[in-house]
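> Let's see this in three dimensions:
(one chain, ligands or ions: 1)
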Amino acid sequence: MLGQMQNRPLLIADLIDFAERFHGDGEIVSRRVEGDIHRYTYADAAKRARQVAHALDRLDIPEGNRVGTLAWNGYRHFELYYGVSGSGRVLHTINPRLHPEQVAWIINHAEDEALCFDLTFLPIIKAIHAHCPGVKRWIALCNGSALPADSGIPNLLAYEAWIAGEPDWYTWPALDENAAACLCYTSGTTGNPKGVLYSHRSTVLHAYGAAMPDVMGLSARDAVLPVVPMFHVNAWGIPYIGAAVGCKLVFPGPALDGKSVYELIEAEGVTLAAGVPTVWQMLLGHLQQHQLRFSTLERTIIGGSACPPAMIRAFKDDYGVTVLHAWGMTEMSPLGTLCTLKKKHLSLSPEEQLKILCTQGRPVFGVDLKIVDESGNALPHDGVAQGELLVRGPWIVSSYFKGEGGDPLVNGWFPTGDVATINSEGYLHITDRSKDVIKSGGEWISSIDVENIAMAHPAVAMAACIGMKHPKWDERPIVVVVKKPGTDVSKEELLAFYQGKLSKWQIPDDAVFVDAIPLGATGKMQKVKLREQLAGYVLPTA
Ligand code: ADP
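Model prediction:
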């Protein structure tokens, strides 16, 4: 027997309609590429999203075809999120930090028919437009007067002129909730990037899940600053969650340095900010240097790479800000787990609580997790057994765009490539990427553990642990460190700092100091590049 409830599809356009009707005066504030601050409301955004939908109709882009964006976090990008997907096209957000050749490759692979870009990225567009014959229109996110003359880019339009004459009413199409809505490519550290194609249903369900109290816990009383880019896994879904809950949205545009982020947090009364650890490193550095405090910030969501415990501690002890450590990936829309305490943990000592808060937390309802051994056998959730982490759920990839890479699933589960433990309370602890874990004498050493300890040293700004070939032990860890400006630490002091914090055999064999550790397009350390940088390095113990 079937249930007798209405079968309304879950659609992205309904989010912005809802926002307009029930918190239409909710604020959206953006630092623009032009440098100034722009303010308007969800109601204004909804109107302009509908103008975008009309403008796309006029370009004759059929339902299901792709519209690319190369843009910072800002109100025009927000309008494209809704205007493109709401009208049935697929929003393809592109990471501008990729090499231009890779950007062109992705545009061609996605078969983008129009490409909307912030003027910051004009040099990229100039370099690639001739190699992207499928793009019918290049749309600069600016006023007509700001459109560069003599750019040499054919079919170039200014966004404001493009939508200006369009009506601000529109009947959103009655789409199938399983229709494609957004396309994001994985960073492709090995091989070509692969496209993950989110549906309306997966996006709306992810927004419901991520908004819950023990997840992001966003509300109409929050002012939320997504520092995590809208070109990277949809800013962790915040543009959709915002429309659903009516929080104030604060978009930082291109200014992601500590000073600019701090000023925006203070000026706009931000209560929750979200981003990767490298961004918060810059923010904390700025606060420390200028002896500043936050007046409104309560929580920061940190994910994308492991958040060092020293950072969680600094936010809490020095600034009274709770870090919500989150884990996920492009293939998961991205949210998998997020760390909050349970009631029974509230009576624990701050030290014990911190231990829990340093894990990647508990799964969001909708995400199922398991860990398996090398033969695929499920391992116990006892906080000790570590194995490869597999996931399944309605906002997790089932296959890549155009079937690239074959079937990624193993008996219906997606292998994440991460190694983890899960304890009896459901808390996930990521030990490593499986390709980064160091195999020494038949045992595994977590590169994240080694890095976290170095990060707790006052002279260390960034640390990467990599395994080096060893004739006897197979691999041995070394730690590669960037020092904080104006501080010093010797190799011997740093290695001594590990005593008592790790078992003897887990302590790195060497510490190497470098000026910088290469970061990828999503702010993660690039260990493959780092290895190339260290070519010729010989382990002192080999
Ligand atoms: P995202 O696009 O969200 O950064 P990617 O797909 O680029 O995701 O990378 C996902 C990978 O990043 C995960 O599989 C994991 O290895 C790593 N990662 C993300 N969050 C964390 C975290 N909190 N702790 C440790 N590793 C993390």
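> quick one: contacts for G406?
The contact partners of G406, taken as Cβ atoms under 8 Å, 6 or more residues apart in numbering, number zero. Where C-beta positions appear, they are placed from N, C-alpha and C, glycine not excepted.
> element containing the residue in the stretch 351-500 of the chain positioned nearest to the ligand, please.
Here the stretch 351-500 of the chain gets closest to the ligand at one residue, I430, 4.1 Å apart by Cβ to the nearest ligand atom. Using DSSP states H and E, I430 sits within strand 428-433.
> What are the buried residues along the next helix or strand after that strand?
Next along the chain after strand 428-433, taking DSSP H and E as the criterion, comes strand 438-440. Neighbour-count burial for strand 438-440, counted by 16 or more other Cβ atoms under 10 Å, picks out I438, S440.
> i'd like the first residue to be 22 from this point on
Got it, first residue is 22 now, which makes that one strand 459-461.
> Strand 459-461: what's the following helix or strand?
Strand 459-461 is succeeded, C-terminally, by strand 464-466 (DSSP H and E).
> Neighbouring strands - and their directions - for the worst-scoring helix or strand of the chain on mean pLDDT?
One helix or strand of the chain scores below all others by mean pLDDT, DSSP states H and E: strand 464-466, with a mean of 88. Sheet pairing of strand 464-466 (DSSP bridges) gives strand 459-461 (antiparallel).
> which residue ranges form the strands in the stretch 372-521 of the chain?
Under the criterion DSSP state E, counting those that start in this stretch, the stretch 372-521 of the chain contains strands at 383-384, 389-393, 408-413, 435-443, 449-454, 459-461, 464-466, 481-491, 495-504.
> Can I get those strands in CSV including distance to K512?
As requested, the strands of the stretch 372-521 of the chain are exported to CSV (distance: least, Cβ to Cβ, whole Å):
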stretch, distance to K512
strand 383-384, 39
strand 389-393, 36
strand 408-413, 34
strand 435-443, 28
strand 449-454, 24
strand 459-461, 19
strand 464-466, 19
strand 481-491, 12
strand 495-504, 9
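> hmm, who's touching stretch 27-37?
In contact with stretch 27-37 (Cβ under 8 Å, 6+ apart) are residues 63, 66-67, 70, 102-103, 106-108, 193, 195-198, 202, 221-222, 224-226, 228, 261, 264-265.
> list the buried ones in the top helix by length along the chain?
Longest helix in the chain by number of residues (criterion: DSSP state H): helix 63-79. Applying a neighbour-count criterion of 16+ other Cβ under 10 Å, one finds 63-77 buried in helix 63-79.
> just stretch 550-560 next, same as before
Buried residues in stretch 550-560 (16+ other Cβ under 10 Å): L551, Q554, L560.
> Next, the contact list for the closest residue to the last one other than its chain neighbours, please.
On the basis of Cβ to Cβ, 6 or more residues apart in numbering, the spatially nearest residue to L560 that is not a chain neighbour turns out to be M489, at 4.9 Å. Applying Cβ under 8 Å, 6+ apart to M489 gives the contacts E496, R497, P498, I499, D530, Y558, L560, A563.
> Give the bridge partners for M489, please.
Beta-bridge partners of M489, as defined by DSSP bridges: R497.
> and it, how far is that from S455?
To S455, M489 is 18 Å away according to Cβ to Cβ, to the nearest Å.
> Buried subset of the contacts of stretch 27-37 as a PyMOL selection?
Here is the PyMOL selection string for the buried members of the contacts of stretch 27-37, based on 16+ other Cβ under 10 Å:
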select buried, resi 63+66+67+70+102+103+106+107+108+193+196+198+202+221+222+224+225+226+228+261+264+265
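> among the contacts of stretch 27-37, which are in strands?
Taking DSSP state E as the definition of strands, these contribute A202.
> Specify the residue ranges that define each domain of the protein.
Domain segmentation of the chain under automatic domain parsing yields 30-55+62-187+196-221, 389-454, 459-554.
> Lowest average pLDDT across these?
The stretch with the lowest mean pLDDT among the domains of the chain is domain 459-554, at a mean of 92.
> is it up against the ligand anywhere?
Yes. Contact of domain 459-554 with the ligand (Cβ under 6 Å from any ligand atom) involves T543.
> picking up where we left off before, comparing the domains of the chain, which comes out most buried?
domain 30-55+62-187+196-221 (a mean of 20; mean count of other Cβ atoms under 10 Å).
> Point me to the residue of the stretch 22-171 of the chain nearest the ligand.
For the stretch 22-171 of the chain, Cβ to the nearest ligand atom, closest residue to the ligand: N116, 9.3 Å.
> I'd like to know how far P234 sits from A66.
On the measure of Cβ to Cβ, P234 and A66 end up 26 Å apart.
> The ligand versus H227, what's the distance?
Counting by Cβ to the nearest ligand atom, to the nearest Å, the separation of H227 from the ligand is 12 Å.
> whoops, S370 was the one
Distance from S370 to the ligand, by Cβ to the nearest ligand atom: 24 Å.
> Report how many residues lie close to that residue.
8 (other Cβ atoms under 10 Å).
> residues contacting the residue of the stretch 372-521 of the chain closest to the ligand?
Taking Cβ under 8 Å, 6+ apart as the test, what I451 contacts is A327, W348, Q381, L410, D439, V440, A441, I469.
> Mind doing that once more with 7 Å?
Contacts for I451 (Cβ atoms under 7 Å, 6 or more residues apart in numbering) come out as A327, W348, Q381, D439, A441, I469.
> before we move on, back to that, now, the contacts of stretch 27-37 that are in helices?
Going by DSSP H, the helices hold 63, 66-67, 70, 102-103, 106-107, 221-222, 224-226, 228, 261, 264-265 from these.
> Neighbours of Q310, how many?
The burial count for Q310: 12, using other Cβ under 10 Å.
> Which helix or strand contains it?
Here Q310 is assigned to helix 298-311, by DSSP H and E.
> now the angle from that helix to strand 481-491?
140 degrees (axes from the mean of the first three to the mean of the last three Cα atoms, to 10 degrees).
> Looking at the contacts of M489, which one is closest to G387?
Proximity of the contacts of M489 to G387 was ranked by Cβ to Cβ; the top entry is P498 with 36.2 Å.
> Show me which residues of the protein are close to the ligand?
Close to the ligand, as judged by Cβ under 6 Å from any ligand atom, the chain has residues 207-208, 253-254, 324-328, 346-351, 355, 381, 437-439, 451, 454, 543.
> Go ahead and report the secondary structure state at V88.
Secondary structure, DSSP: H, G, I helix; E, B strand; the rest coil: V88 is strand.
> returning to what we had before: wait, what's in contact with the residue of the stretch 22-171 of the chain closest to the ligand?
N116 sits in contact with F252, H253, A542, T543, where contact means Cβ under 7 Å, 6+ apart.
> could you dump these to CSV with distance to K525 and secondary structure?
Below are these laid out as CSV (distance: Cβ to Cβ, whole Å; DSSP: H, G, I helix; E, B strand; the rest coil):
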residue, distance to K525, secondary structure
F252, 44, coil
H253, 39, coil
A542, 38, coil
T543, 35, coil
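> what ranges do the helices span in the stretch 122-271 of the chain?
143-149, 180-185, 221-232, 254-257, 259-266 (DSSP state H, counting those that start in this stretch).
> export the second one as PDB, just CAs?
Read that as helix 180-185. What follows is helix 180-185, C-alpha atoms only, in PDB (Å, rounded to 0.1, in the frame of the first residue of the first chain):
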ATOM      1  CA  TYR A 180      25.800  40.600 -16.900                       C
ATOM      2  CA  GLU A 181      23.900  43.700 -15.900                       C
ATOM      3  CA  ALA A 182      23.100  44.600 -19.500                       C
ATOM      4  CA  TRP A 183      22.300  41.000 -20.200                       C
ATOM      5  CA  ILE A 184      19.500  40.800 -17.600                       C
ATOM      6  CA  ALA A 185      18.500  44.400 -17.400                       C
END
